[in-house]
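A.B. asks: just coords:
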């Protein structure tokens, strides 16, 4: 028993004492409340009489201690950690085995015979197995007689934090940054460890702690010490730390006159910097880079390519086994071009030119984390370049922390999309997990939705997005429903009727949001803070930063023509995809206005005209928030009061704002369509001017 | 028993279950842990067998429920609330009595005979009395046989929150704003109530929830609803809500072409706005205004005076009994003028011109919340205008959240300063509490140090500043030591040796900070974020936003000559004050460089030259942080581990940064003094360039 074990035990005890009467959400899905059913508890207890651990490495110790703390809470009894099971039975053995039949080093095997054996080829595998075993108990599954093997399908499963040096978070809606840079490295906030625990429990093994719009500070000796202190906390949980880097750092902190990636001095500066970093952080993960994107400097400032820039950094990191994650989120300020096509046009020609330790990280869709986007056409067309996936967990375009949007369906929709690049069933998931092109490196990242809010994510149900992302990063074949179900049981309630109700709410939430916000392929009706509806916005410093650039409403119809008659962005997809999306008759309605400028009076497959269909979606979307409220009211008895009130309050705000979105859209579009609002829907009670005035309030300084 | 009582009881239970093993500081000084000494507990319990409350108003109910929850925790037993004591004894009676011999409506009387009677003329008086009674128990004082009367010396005891609409806090170092504007009014964070509880417990009765650099948003109907929702939470705790207003609001949200305070339409707009506000918030407190200050618009934009501006707002609020708090923090961008003199010059001539419901709020010193400033010369010279005090709790110039600075001595130093305006003993406190000039209105404000950090204030010991401010606002005659002692006992430990050690640390902390940061009257060696030492800073958009403007170091000496030979700011003080400060021989060393440009080689009263004295202070100041660390190590056994580690970590950072400050100053000033560092102090190990490089890191974007 060491201090950390005592700490974990106290934490568990402390938490149990308060639950379920007062629960502020801090514990996430690692609640470990006492299992209510005494006979089930006894059954589990018979198989969990001890934990046998022979190793003594930090990650193995974490596995044993987490298991012990979890069992203490769930079973209400102390489970001793012993160094060997000897000939005892009825316990849990944690062990590493080099010859394990897992597919890769982080996989685990759990077998339940006289003892339950959790094994991995590596310490990390054992840690993931320990959390998987706990999950069995938390979700009421049997643990004896188990025989399962699980392997992560993607190697690098990461969070990206867009956190700034001053504690603010770009696009953060759950308080300020988790990282207290002014206190580091001297003070270690206990929360850092709890962050690592939560991530490890869902298989996340890497984190980029600073904003992609990066400050040079992070590469200074002063800040690297702070970063190293965080790395020390994360290491026992199998999590590597990465940094976003500012491309001109050799100038800003290195005193060089250039940051040209082909300049030998610049190369030497980065190589020296890498050596300095690895001296402090031997398992440092690598660099994430946003370059020549939205005003960030980059290699193109020196007439070099993205590959030149990435490879220079890759060479600096290679001796230390570090990697470069280079973002493909680029687009030029060209109002006549189609931003949709930019990443493909800039990156596809570079395929094959990147060093082996470079990953190009691509947002799921071609624009920017819209509520619904088709998959980015770049997936599949760079067989020689590992492409990583970038999803966004923080709800930049999804109603901040007041709208309920369970994101697993967004992730799944993209991952399950068929690119057809090597024939049918060439899904995006197979591109990302490397199986399609035998990528030597695979990666998936979620832009974090965590912050200093006590419950981590602001909206209590947004914890499910963090959870589902991690679990899908491990295994993208899991269903949105299974993950929702699992998360609800671990976090909110195990009462079957309420589990079903909440799971149903989660599963429908994204379509509800899309319906009142951006139905049928509308996108980016925001400006500024990305909060209030502003589809009328027509002026900005860049044409592609207006709203009208995207929806292209006119007296004839609505939507962005990306067929050959328009921007021809569709040509970036394979013929099989084009064939379906090119024709407005076969293009799925959710994507229709992404690719077609459709007449207001055009009859759709639903039997309604475009205008009537749009109105139907805006109105039913807004109404459905009322349905969410009613569903939530039904689970009151099974959810702790603080969480219940918290969600109920946010749903009320969502309801108000959903009507605001509906009114903004229908009143604005009506000026083009000149059509009445179809029965049975009632005309909004306010005028477009009143809606606009309300929007202006949220834009005031 | 209603829901709120259950909530409070659960909260107390929950809290007790975790303490003292895990304490995250959330409970502040309202911990109510079980009193360890069983006999003392039994003694208290004999006098606390019931709570009798006949009234049913919200504030009275709060008093009873807070008392009940506190007793439950401290005594470990449920104390019933009954409607009447009947002929029972051994209980606590809460009652209002119109004829109570208190001096004012918020005072309370506690008498202990067969029952303990807590009475006030108003509900608020009873509430403050209930918290005072709890404080007796928390600090181990007797409660039977009590006979005490306490009255607040100042009417409006307020916090000012410099919180923005986006959740950021100007000069906030404890996370983001407490107010979740995007969730209001639908969701009420339970923390709002805990905020109100904490304030009520120390006598604070007003709060300005938004930044003085105000957004127009707050005066829109949309935001007033949010503000009203907060007001509803604060009301049962006797706390009124106030708003900072943006002076040109009639233009920005009213659609008028001017905000001229003499324009009838502008007057009407404000009057209508006030009516709108009071319809939503009947007990709304009033407006706080920063105008014609640091770029904020104001009446001078229309060639009107501050009085014109304030009176216009006063007339709008007067029918509703609202007040205007008009800030005197003004200074022009004139590098040849002395900013020290600005507030006096602009406001003193306006004395007598303000409406009855206007208070002019003055920062304690003439510049801007420096670690040590002489009192502002405006105190005492506006007998016909109520002057309110503005102190700063958030540590803008006091090392953010990593330096320990107990601020009560700062507050007391100012309040106890003698202005001599009506002869000896005309202290600033007597100006502020109205006793000197019979002000009909009195006010004191603290710029809040609270934020979303779990422990409210970032540095755990900074809670003491919030506490001491509230208690001094109530009674400025209390000593820094008594308040420190009280706070430590309520918050950290009741073990006598540790109470003494921590109290001693608190009391010395401010002088330690001043010694390494700004000794002997140095000021404002910051630029930008007010974090890193930068006494060399000599360029800015305004001359008075450089560091050299303040310290005026040259080859001859150091300091700002404010005698008749210099800026003659001293002339703003009464002759008795001038007499002492005008002469460098009699000017107290802590103020020396505020008023004199002193030769490096000048022998001081300490027997050292200016240079040697400066070095001595920089070095002993930095060394003393080591002393703080040693003291803190001694209390480890009596303080909960989480708080202990938290403070220990921050002290380590403070130690590092104190040496940084020392090195910055001595190496920089040495370039002027050309003197060696006196024995026994050792030359800094780094060069001035190295120090500057480190500073540059903290200035990088």
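C.D. replies: Cool, got the structure. Please read all numbers here as calculations on a predicted model, not as lab measurements. Numbering: from 1, shown residues only, chains lettered A, B, ... in the order given.

A.B. asks: does the residue in the stretch 601-701 of chain A positioned nearest to chain B sit in a helix, a strand or a coil?
C.D. replies: Taking C-beta to the nearest C-beta, chain B has its nearest neighbour within the stretch 601-701 of chain A at residue A:649, 2.7 Å off. Every C-beta, even on glycine, is put in place using the N, C-alpha and C of the backbone. Three-state call for residue A:649 (DSSP: H, G, I helix; E, B strand; the rest coil): helix.

A.B. asks: Leaving out the residues flanking it, which one is nearest to it?
C.D. replies: Closest residue to residue A:649 in three dimensions, ignoring its sequence neighbours and counting by C-beta to C-beta, 6 or more residues apart in numbering or on different chains: residue B:187, at 2.7 Å.

A.B. asks: residues touching that neighbour, list them.
C.D. replies: By C-beta atoms under 8 Å, 6 or more residues apart in numbering or on different chains, the contact list for residue B:187 reads A:402, A:645, A:646, A:648, A:649, A:650, A:652, A:653, B:180.

A.B. asks: By neighbours, which of those wins?
C.D. replies: The residue in those with the most neighbours, by other C-beta atoms under 10 Å in any protein chain shown, is residue A:650 (27 neighbours).

A.B. asks: Can you tell me how far it is from residue A:58?
C.D. replies: Applying C-beta to C-beta, to the nearest Å, the value for residue A:650 to residue A:58 is 39 Å.

A.B. asks: Could you list the domains of chain A?
C.D. replies: With domains defined by automatic domain parsing, chain A comprises A:3-148, A:156-478, A:514-560+A:597-699.

A.B. asks: nearest to residue B:35, of these?
C.D. replies: domain A:3-148 (19.7 Å; C-beta to C-beta).

A.B. asks: now the closest one: how far from the chain's centre is it?
C.D. replies: 26 Å (C-alpha atoms, centre = their mean, to the nearest Å).

A.B. asks: Could I get the average pLDDT for it?
C.D. replies: Taken as a whole, domain A:3-148 has a mean pLDDT of 88.

A.B. asks: And the residue nearest the centre of chain A, what's its pLDDT?
C.D. replies: Residue closest to the average C-alpha location in chain A (C-alpha atoms, centre = their mean): residue A:446, at 3.0 Å. Listed pLDDT for residue A:446 reads 98.

A.B. asks: ditto for residue A:572
C.D. replies: Residue A:572 carries a pLDDT score of 98 in this model.

A.B. asks: From what I see, it and residue A:377 are in contact.
C.D. replies: Yes - assessed by C-beta atoms under 8 Å, residue A:572 is found in contact with residue A:377 at 3.6 Å.

A.B. asks: shared neighbours of these two, anything?
C.D. replies: A:341, A:344.

A.B. asks: Between those two, tell me which one has more neighbours.
C.D. replies: A direct count of neighbours by other C-beta under 10 Å for residue A:572 and residue A:377 places residue A:377 higher, at 24 against 21.

A.B. asks: residues contacting residue A:412?
C.D. replies: A:472, A:476, A:479, A:480.

A.B. asks: tell me the mean pLDDT for the strand or helix carrying it?
C.D. replies: In the assignment (DSSP states H and E), residue A:412 maps to helix A:408-415. In this model, helix A:408-415 has a mean pLDDT of 98.

A.B. asks: what packs against the helix or strand following that helix?
C.D. replies: Downstream of helix A:408-415, the first helix or strand assigned by DSSP H and E is helix A:428-432. Contacts defined by 3 or more C-beta pairs under 8 Å, 6 or more residues apart in numbering or on different chains; DSSP states H and E place helix A:428-432 against strand A:387-392, helix A:408-415.

A.B. asks: hey, which of the ones you listed is tucked in deepest?
C.D. replies: strand A:387-392 (a mean of 26; mean count of other C-beta atoms under 10 Å in any protein chain shown).

A.B. asks: Write out the residues of the stretch 51-200 of chain A neighbouring chain B.
C.D. replies: A:165-168, A:173, A:175-176, A:182-183, A:186-188, A:190 (C-beta under 8 Å from any C-beta of the partner chain).

A.B. asks: and which of these is nearest chain B?
C.D. replies: residue A:187 (2.7 Å).

A.B. asks: Tell me which of the helices and strands packed on helix A:428-432 lies nearest to residue B:30.
C.D. replies: strand A:387-392 (40.0 Å).

A.B. asks: What strands line up against that closest one, and which way round?
C.D. replies: Looking at strand A:387-392 with DSSP bridges, its partner strands are strand A:358-363 (parallel), strand A:443-447 (parallel).

A.B. asks: quick one, the last one and helix A:408-415 angle?
C.D. replies: Spelled out, it's strand A:443-447. Computed by axes from the mean of the first three to the mean of the last three C-alpha atoms, to 10 degrees, the angle separating strand A:443-447 from helix A:408-415 equals 140 degrees.

A.B. asks: now do the first one
C.D. replies: Orientation check (the same axes, to 10 degrees): strand A:358-363 against helix A:408-415 gives 120 degrees.

A.B. asks: For strand A:358-363, give me every contacting residue.
C.D. replies: A:156, A:288, A:310-311, A:314, A:323-329, A:343, A:347, A:354, A:369, A:376, A:378-379, A:382, A:385-392, A:441, A:443, A:445.

A.B. asks: can you pull out the strands in the stretch 201-350 of chain A?
C.D. replies: For the stretch 201-350 of chain A, the strands defined by DSSP state E, counting those that start in this stretch cover A:206-208, A:240-245, A:286-289, A:323-327.

A.B. asks: closest to residue B:129 out of these?
C.D. replies: strand A:206-208 (51.5 Å).

A.B. asks: Deepest-packed of the domains of chain A, please.
C.D. replies: Each of the domains of chain A was scored by mean neighbour count; the highest is domain A:156-478, a mean of 22, by mean count of other C-beta under 10 Å.

A.B. asks: Give me the distance between the two termini of it.
C.D. replies: One end of domain A:156-478 to the other measures 18 Å (C-alpha to C-alpha, to the nearest Å).

A.B. asks: chain center to it: distance?
C.D. replies: The answer for domain A:156-478 is 11 Å, by C-alpha atoms, centre = their mean.

A.B. asks: again, but for stretch A:588-604
C.D. replies: How far stretch A:588-604 lies from its chain's middle: 29 Å, per C-alpha atoms, centre = their mean.

A.B. asks: Let me see the contact set for residue A:448.
C.D. replies: Taking C-beta under 8 Å, 6+ apart, we find residue A:448 in contact with A:159, A:160, A:161, A:162, A:393, A:394, A:466.

A.B. asks: so who does the residue lying closest to it once chain neighbours are set aside touch?
C.D. replies: In this structure, residue A:448 finds its nearest non-sequential neighbour in residue A:159, 4.5 Å apart by C-beta to C-beta, 6+ apart. With contacts defined as C-beta under 8 Å, 6+ apart, residue A:159 is in contact with A:199, A:204, A:206, A:207, A:208, A:393, A:445, A:446, A:447, A:448, A:450.
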